[in-house]
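[1] below is the structure, and that's it, no one-letter string:
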Ligand SMILES: Cc1cc2nc3c(=O)[nH]c(=O)nc-3n(C[C@H](O)[C@H](O)[C@H](O)COP(=O)(O)OP(=O)(O)OC[C@H]3O[C@@H](n4cnc5c(N)ncnc54)[C@H](O)[C@@H]3O)c2cc1C
Ligand code: FES
């Protein structure tokens, strides 16, 4: 883990209430893995750092990108940062996704702002020679992640809850039809989406890695604030995760945020 004083390169609202921020001076960009996250001091009004997934990296220029939804005080402050501002952050943190050497066909599943870490995973999977399909869901067309953030070489299928773009319905409705041709699934989204996924019968034979979102205190294993119950005992999401096997989580004991 590194503590870095990063500088805001750019910060823009790309869809309503969702910002893309590029942070410079992040020398760990070359060692960060998809699914890892950073803990940021968002501003003087918030004491605790906030966790955000690494959305993309640019190792040549020591930059990382974060994609975040404005939901409260910390993210509101972050949204207001101008280019050149300093951001105190810790990273890269957590385990990240693990791509098996045996996997050729990868399915990425991103619900809402859960898309955040997946373009980075898409890029790394393509670099390893995998065929990548992404299922991308949002409540409505305006909230869909713009296509330019997703590598153009991957197949991207969209769905919206209200049918304003792509298929109509939930991501989990279309998921079963993609399972046959998939070696590994990587998902990021709200925990209710994972609960539904865990009940899809055909998914039980698949290797499914999910990135969990819980409230975090420290982000590096000290406070136990992020502990959850799994099949193999108590785990800290910040240190043992945030990526877990879907079927490892004891969903009836997991508390949604
Ligand atoms: C490992 C990890 C990676 C994450 N990656 C991203 C990301 O890439 N993009 C993104 O937009 N968000 C991400 N989140 C969620 C993000 O951390 C929270 O939205 C953020 O901390 C809220 O801070 P706030 O001060 O703006 O809101 P607060 O004022 O603290 O809370 C406002 C609302 O946000 C909810 N909230 C607070 N903390 C979290 C949390 N940790 N997870 C989910 N909801 C929360 C609260 O329940 C409340 O409803 C991630 C969370 C984790 C644990
Ligand atoms: S957030 Fe402190 S131990 Fe995980």
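    Structure received. From a predicted model like this one, the values you see are computed outputs, not experimental measurements. Ligands and ions are numbered 1, 2, ... in the order given.

[2] residue contacts, the nearest residue to residue 161 once chain neighbours are set aside?
    Leaving aside its chain neighbours, residue 161 sits nearest to residue 139 (4.8 Å; criterion: C-beta to C-beta, 6 or more residues apart in numbering). For the C-beta atoms, the positions are set from N, CA and C on the backbone; glycine is no exception. By C-beta atoms under 8 Å, 6 or more residues apart in numbering, the contact set of residue 139 is 112, 160, 161, 162.

[3] okay, and the closest residue to ligand 2 within the stretch 51-200 of the chain sits in which element?
    Per C-beta to the nearest ligand atom, residue 51 is where the stretch 51-200 of the chain lies closest to ligand 2, at 8.1 Å. Taking DSSP states H and E as the definition, one finds residue 51 inside strand 50-53.

[4] is ligand 1 within reach of that strand?
    Yes: Strand 50-53 reaches ligand 1 (C-beta under 6 Å from any ligand atom) through 50, 51, 52, 53.

[5] by contact count, what packs against that strand?
    If you count contacts as 3 or more C-beta pairs under 8 Å, 6 or more residues apart in numbering; DSSP states H and E, strand 50-53 packs onto strand 37-40, strand 63-69, helix 73-79.

[6] quick one: mean pLDDT for it?
    Averaged over strand 50-53, pLDDT sits at 98.

[7] and it, how far out from the chain middle?
    Its chain's average C-alpha position is 9 Å from that of strand 50-53, according to C-alpha atoms, centre = their mean, to the nearest Å.

[8] residues making contact with it?
    Under the contact criterion C-beta under 8 Å, 6+ apart, strand 50-53 has outside partners 35-40, 42, 66-68, 74-75, 78, 93, 116-117, 188, 211, 216, 219, 238, 242.

[9] next SSE after it?
    Next helix or strand after strand 50-53 toward the C-terminus (DSSP H and E): strand 56-58.

[10] helices or strands up against that following strand?
    Using 3+ C-beta pairs under 8 Å, 6+ apart, strand 56-58 sits against strand 63-69, helix 118-127.

[11] does anything pack onto the last one? Which helices or strands?
    Okay, so that is helix 118-127. strand 56-58, strand 105-111, strand 131-138, strand 184-188.

[12] up against ligand 1, what does the stretch 151-257 of the chain have?
    Proximity of the stretch 151-257 of the chain to ligand 1 is confined to 213, 214, 215, 216, 242, 257 under the rule C-beta under 6 Å from any ligand atom.

[13] redo those residues as TSV? Include neighbour count.
    Listed next are those as TSV, based on neighbours: other C-beta atoms under 10 Å:
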residue	neighbour count
213	22
214	19
215	12
216	21
242	27
257	9
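
[14] check those residues against ligand 2, which are close?
    The overlap between these and the neighbours of ligand 2 (C-beta under 6 Å from any ligand atom) comes to residue 216.

[15] any idea which of the helices and strands packed on strand 50-53 gets closest to ligand 1?
    helix 73-79 (2.7 Å).
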